[in-house]
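# got a predicted model here, sequence first, then my questions.
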Amino acid sequence: MGVYGIDLGTTNSAIAAIDADGRPEVLVGLNGEPTVPSVVLFASANDHVVGEGARRQARLDPDHVCTLVKRRMGDAEWRFGAHGQLWSAPAVSSLILKSLAADAEFAGGEPVRRVVITVPAYFGDEERRATMQAGTYAGFDVAGVLSEPIAAALSYGFGRLDGGLLDTGPARETVLVYDLGGGTFDATVIELADRRISVLAVEGDHQLGGADWDERLALHLSQKFCAANPDAEDPLDDSVGSQLLVLAAEQAKHDLTAAESTEVVIAHDGARAIIELTRTELETMTASLMRRTLDLTKAVLAAAEQRGVRRVDRLLLVGGSSRMPMVAEQLHKEFGLAGELRDPDLSVARGAALYGEKLEMERLVAADLVTRGRLRDHADLTEADPGDLEAALERVADSFGQPVGLVRRMIEIQVDTVVSRGFGVLALDPFSGLAASWLVHRNQTLPIKVRRSYGTVRADQDQIELTIVEQQGQAASTRPEDTKVLVEGRIRDIPPGYPEGSEVRVTFEMGFDGVLHVTAYHVDADMPLTLSVQTGATLSQADVERELDQLQRTRRRNS
Ligand code: AMP
């Protein structure tokens with residue numbers, strides 16, 4: 001059974017799988033569209049609707065419609081309230097995931113079990129965890145969380161060679177991925193070299209996307225409407241009116257991608273206005289939003305330059321909002337690069353499916369070798385004897401009905417990435433008091449394993465408090481108030497007898513999924529010490545259980 005790739009987007013989501021010919025294919029669900037709006041309507045306490053139906057109903061029942069939930073991922077406090085129930089961001093997202101799974105089953109007939117879900121490259125630890133949690137709530141085994149620009153690059157690498165994934169073409173290519181979706185913006189510099197995909201630098205803003213363009217336009221439309229109808233209520237003062245206005249704004253924005261001008265009809269409070277709009281007007285009123293994406297792009301190029309990138313060979317345009325003509329025009333004007341726009345809505349899901357296939361093949365080849373006693377359990381495939389590996393590749397290729405060369409290439413692809421934020425601990429500095437000590441730095445290549453030693457602050461210290469912090473903003477400040485506390489833990493019951501400055505070894509480990517594992521060890525005590533880490537930032541176990549229960553009850557009632 002294959003691994004599905006899911007692009008869990010801010011405004012739209014998509015699910016893809018590898019077809020019989022080994023190509024990634026986006027699955028079309030019941031509604032006949034390859035993408036599904038990431039919108040949930042809580043119709044009653046027991047009933048919800050996901051996708052286009054929810055989006056349409058948004059006009060009638062805006063208070064029960066949850067949109068842009070991806071912007072809330074990682075915010076442990078946030079809840080969406082509907083019909084007396086509270087939903088966290090992972091819980092709402094899980095409903096979108098379940099709906100995608102149902103679409104995939106409709107299209108392919110196979111139940112969805114294992115998945116790769118994509119996230120923006122700049123998503124931090126909490127947001128990635130929340131995404132995994134959404135997958136778990138949906139009942140999936142989450143094989144991996146993959147950065148969206150990597151997924152886009154994988155899909156591009158695959159398409160470029162018509163199946164010969166990253167096999168030929170220039171030996172080394174530097175690609176700038178400009179991803180402007182509905183609610184998030186990501187700029188990433190990626191290097192494709194041999195069979196390695198490395199993220200060299202990332203920048204992004206998850207409060208910036210097509211929805212902001214819609215808002216600006218909606219504001220303009222409301223002003224025009226009010227000017228034409230001074231006695232009528234401002235549509236923005238009414239929740240149904242403003243939802244309708246935003247939808248009209250989005251439609252007008254789409255029209256202005258294809259045409260230089262359009263007309264919008266706004267009917268509200270018994271009044272009507274026909275408003276003329278031109279593409280130039282749209283570009284003028286959203287110039288500062290566009291500027292922000294250009295500034296972030298400039299910053300990512302500067303960061304890549306620091307890592308030795310002198311030239312960008314390609315510009316990939318990803319995300320539905322990249323279709324706006326201003327995007328390619330401005331990028332060309334500013335950076336002299338001609339953007340390539342190929343299925344901007346689908347390439348991320350396709351790349352996720354390719355990555356899922358790679359993970360699945362790796363798993364099958366490893367399992368084959370382990371069963372035959374040719375590889376230790378959990379050992380890396382690189383430890384296998386080349387002859388054994390080749391034989392296993394052939395057996396797996398056979399069972400997949402695919403050329404052995406494809407399986408080999410899939411397995412050989414390596415994905416390197418970087419962290420988007422620094423991670424560290426709060427430690428007592430003899431001169432400045434409590435300060436952030438950074439172990440992991442922004443743009444450092446993954447996987448990461450860092451160890452640093454600290455000293456206890458007094459003799460006979462019986463416990464050590466550990467506060468793990470995440471960088472906030474661009475610079476890694478040492479001031480604790482500039483950091484965000486991720487988790488706190490405590491090594492307790494350290495026996496007396498150890499002097500001040502006794503070594504405490506802290507290890508940070510992060511894999512490609514971006515999940516941070518922290519261990520702390522009091523070395524001189526030379527005994528197992530328990531580290532209990534309480535996450536104040538993510539959902540508590542009680543929250544998880546309650547929500548699972550709530551989801552199951554809703555599902556039972558719906559079935
Ligand atoms: P995504 O999250 O990548 O699916 O992107 C969705 C965003 O792309 C939404 O804000 C859409 O309004 C926007 N979008 C989709 N098609 C177009 C288009 N033809 N012109 C302008 N924006 C578009």
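Received, thanks.
# next, the buried residues of the lengthiest helix in the chain.
Taking DSSP state H as the criterion, the chain has its longest helix at helix 347-371. Residues of helix 347-371 classed as buried: 347-362, 364-366, 368-370 (neighbour count, 16 or more other Cβ atoms under 10 Å). Quick note: C-beta positions are derived from backbone N, CA and C, even for glycine.
# same question, stretch 229-239
So, applying 16+ other Cβ under 10 Å, buried residues of stretch 229-239: 229, 232, 234-236.
# now stretch 435-442
Across stretch 435-442, burial judged by 16+ other Cβ under 10 Å covers 435-436, 438-442.
# now stretch 494-510
494, 498, 502, 504, 506, 508, 510.
# cool, and stretch 51-64?
Result for stretch 51-64 [16+ other Cβ under 10 Å]: buried residues 51-52, 54-55, 57-58, 61-62, 64.
# filter those residues by proximity to the ligand?
Near the ligand, judged by Cβ under 6 Å from any ligand atom, there are no entries from the buried residues of stretch 51-64.
# so can I have a markdown table of these showing distance to residue 207, secondary structure and pLDDT?
Listed next are the buried residues of stretch 51-64 as a markdown table, based on distance: Cβ to Cβ, whole Å; DSSP: H, G, I helix; E, B strand; the rest coil; pLDDT from 0 to 100:
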| residue | distance to residue 207 | secondary structure | pLDDT |
| --- | --- | --- | --- |
| 51 | 24 | coil | 95 |
| 52 | 25 | helix | 91 |
| 54 | 22 | helix | 93 |
| 55 | 21 | helix | 89 |
| 57 | 26 | helix | 82 |
| 58 | 21 | coil | 74 |
| 61 | 25 | coil | 81 |
| 62 | 21 | helix | 79 |
| 64 | 24 | helix | 94 |
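# farthest-apart pair in the buried residues of stretch 494-510, please.
Across the buried residues of stretch 494-510, the longest distance by Cβ to Cβ is 29.9 Å; it joins 498 and 510.
# TSV please, covering the buried residues of stretch 229-239 and showing pLDDT and distance to the ligand.
Shown next, in TSV, are these (pLDDT from 0 to 100; distance: Cβ to the nearest ligand atom, whole Å):
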residue	pLDDT	distance to the ligand
229	97	27
232	96	27
234	96	23
235	95	19
236	94	19
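# out of these, which is nearest to residue 515?
Ranked by distance to residue 515 (Cβ to Cβ), the buried residues of stretch 229-239 are led by residue 236 at 41.1 Å.
# before we move on, what SS does that closest one have?
Remark: residue 236 carries the secondary structure label helix [criterion: DSSP: H, G, I helix; E, B strand; the rest coil].
# wait, it touches residue 221, no?
No. Residue 236 lies out of contact with residue 221 (Cβ atoms under 8 Å); the separation is 9.2 Å.
# overlap of the contact sets of these two?
With contacts defined as Cβ atoms under 8 Å, 6 or more residues apart in numbering, the residues adjacent to both residue 236 and residue 221 are residue 245.
# residue of the stretch 301-450 of the chain closest to the ligand, please.
The stretch 301-450 of the chain approaches the ligand most closely through residue 320 (2.3 Å), counting by Cβ to the nearest ligand atom.
# how near is the residue nearest in space to the middle of the chain to the ligand?
Nearest residue to the geometric centre of the chain (Cα atoms, centre = their mean): residue 119, 1.1 Å. Separation of residue 119 from the ligand (Cβ to the nearest ligand atom, to the nearest Å): 13 Å.
# residue 45 now?
For residue 45, the distance to the ligand - Cβ to the nearest ligand atom - is 30 Å.
# burial count for that residue?
Residues lying near residue 45 (other Cβ atoms under 10 Å) number 14.
# now do residue 154
Residue 154 sits with 29 neighbouring residues when counted by other Cβ under 10 Å.
# I'd like to know which elements the one helix or strand it maps to is packed against.
Element membership for residue 154, per DSSP states H and E: helix 148-160. Helices and strands in packing contact with helix 148-160 are listed as strand 3-7, strand 114-119, strand 172-180, strand 185-193, strand 196-205, strand 314-318, helix 347-371, strand 414-418; criterion 3 or more Cβ pairs under 8 Å, 6 or more residues apart in numbering; DSSP states H and E.
# now the ones you listed as CSV including mean pLDDT?
Output for the helices and strands packed on helix 148-160, formatted as CSV (pLDDT from 0 to 100):
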stretch, mean pLDDT
strand 3-7, 96
strand 114-119, 96
strand 172-180, 91
strand 185-193, 87
strand 196-205, 81
strand 314-318, 94
helix 347-371, 94
strand 414-418, 72
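# okay, the ones you listed in CSV with distance to residue 284 next?
Output for the helices and strands packed on helix 148-160, formatted as CSV (distance: least, Cβ to Cβ, whole Å):
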stretch, distance to residue 284
strand 3-7, 32
strand 114-119, 33
strand 172-180, 18
strand 185-193, 20
strand 196-205, 21
strand 314-318, 22
helix 347-371, 30
strand 414-418, 36
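# thought residue 439 was touching residue 419?
No. Judged on Cβ under 8 Å, residue 439 makes no contact with residue 419 at a distance of 10.8 Å.
# hmm, back to that, and the contacts of the helix holding residue 154?
5, 7, 23-24, 118-121, 165-166, 169, 175, 177, 179, 186, 188, 190, 192, 197, 199, 202, 316, 318, 340, 342, 347-352, 354-355, 413, 415, 417.
# please produce a PyMOL select command covering the buried subset of the residues you listed.
With 16+ other Cβ under 10 Å as the criterion, this PyMOL line picks the buried residues out of the contacts of helix 148-160:
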select buried, resi 5+7+23+24+118+119+120+121+165+166+175+177+179+186+188+190+192+197+199+202+316+318+347+348+349+350+351+352+354+355+413+415+417
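# just to revisit the earlier point, contacts only, for the residue nearest to the centre of the chain.
8, 127-128, 131, 145-148, 514.
# who wins for neighbours among the residues you listed?
That'd be residue 147 among the contacts of residue 119, by other Cβ under 10 Å, with 32 neighbours.
# ok, that one to the ligand distance?
Distance from residue 147 to the ligand, by Cβ to the nearest ligand atom: 15 Å.
# mind checking the SS state of the closest residue to that residue other than its chain neighbours?
The shortest distance from residue 147 to any non-neighbouring residue, by Cβ to Cβ, 6 or more residues apart in numbering, is to residue 121 (4.1 Å). State at residue 121, reduced to three classes by three-state DSSP: coil.
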